[in-house]
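Engineer: pasting a predicted model and its sequence here:
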Amino acid sequence: MIIYTCKDQFEDMMTCIYDAWASKEGHKNIRLMTEPVYEPELFCQYRHVDSDPDKSRKVVRSIQRQISFPAYQMVFRCAMSCLPDKLDRIYRFLLLGFSCPKEAVSMLQHPYVFPVFEASRAVQNETHHFREFLRFQALPGGILTAHIEPKSNILSLLFPAFDDRLPSENWMIVDDMRRTAAVHPADGETYLTALTDSEWARLSHTEESADPFTGLWKTFFQSVSIKERANPVCQRTLLPIWYRRHMTEFTR
């Protein structure tokens, strides 16, 4: 078995798919994985693949033109998931997609399609939840900052919603798990950036700064609650505890 590996970045994954497909070593003899590989398997040959923008664009263009744009959306969301086998799921889905382009997205009973659909749906749901649970905090200078710790890499799917909601504000959304941020200058275009160690050291303490609206929000949250109707079990079902790490109303 030949296992192609690459970094957990979308461009790297598309390049890995290109090289694995072009190798012509037989799809049954190939498996794809994202790095790091914690437990290498015996009798397997590992091949690392570096990012190549041209190859990545070719794969993306082929998916959009030869299969469909909804198929590309499924592939992209699956690539953003935290599943260890997501890259191989995408590869198997594309095997079917290029042979049955019109039916691929709707063939949910197929073992190559449902795993990608399932991962895509999970990422989409997580993005929707963080879109509602995200809490901004004002820093000195009027910059709004929010921290998240999602399981999946949803930042690129999350920030467009706030482009529409806060177009004339300076804000940023920080992914603490991956040390990346979506930065939006007032009336400008939002961009993604990886945080340096010094930037991360400063931003990791932003939630400790004083914000008068924080106290007001906590007071509102307590005042509208009805003690006799408190149902922690139901609340944990609708709002799991791991979502609450940076929510104002659940912090001290």
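Structural biologist: Received the coordinates, thanks.

Engineer: out of the helices and strands in this protein, which is least certain?
Structural biologist: The weakest-scoring helix or strand in the chain, judged by mean pLDDT, DSSP states H and E, is helix 212-224 (a mean of 77).

Engineer: now do the contacts for residue 245.
Structural biologist: With contact taken as CB atoms under 8 Å, 6 or more residues apart in numbering, residue 245 is in contact with residue 149. For every residue, glycine as well, the C-beta is placed using N, CA and C.

Engineer: so it versus residue 135, what's the distance?
Structural biologist: Using CB to CB, to the nearest Å, we find residue 245 at a distance of 11 Å from residue 135.

Engineer: can you name the next helix or strand after the least confident helix or strand of the chain?
Structural biologist: Sequence-wise, the next helix or strand downstream of helix 212-224 (DSSP states H and E) is helix 232-238.

Engineer: show me what counts as buried in the least confident helix or strand of the chain.
Structural biologist: For helix 212-224, the buried set under the neighbour-count rule, 16 or more other CB atoms under 10 Å, comprises 214, 217.

Engineer: just stretch 173-189 next, same as before
Structural biologist: Neighbour counts over stretch 173-189 (16+ other CB under 10 Å) mark 173, 174, 175, 176, 180, 181, 182, 183, 184 as buried.

Engineer: quick check: the two most widely separated of those residues?
Structural biologist: The span of these, defined through CB to CB, is set by 176 and 184 at 18.1 Å.

Engineer: quick one on the thing from earlier: which outside residues touch the least confident helix or strand of the chain?
Structural biologist: Contacts of helix 212-224 (CB under 8 Å, 6+ apart): 137, 138, 248, 249.

Engineer: so what does the third one look like in phi/psi?
Structural biologist: Summarising the backbone geometry of residue 248 under the convention degrees, to the nearest 10, its torsions are phi -50, psi -40.
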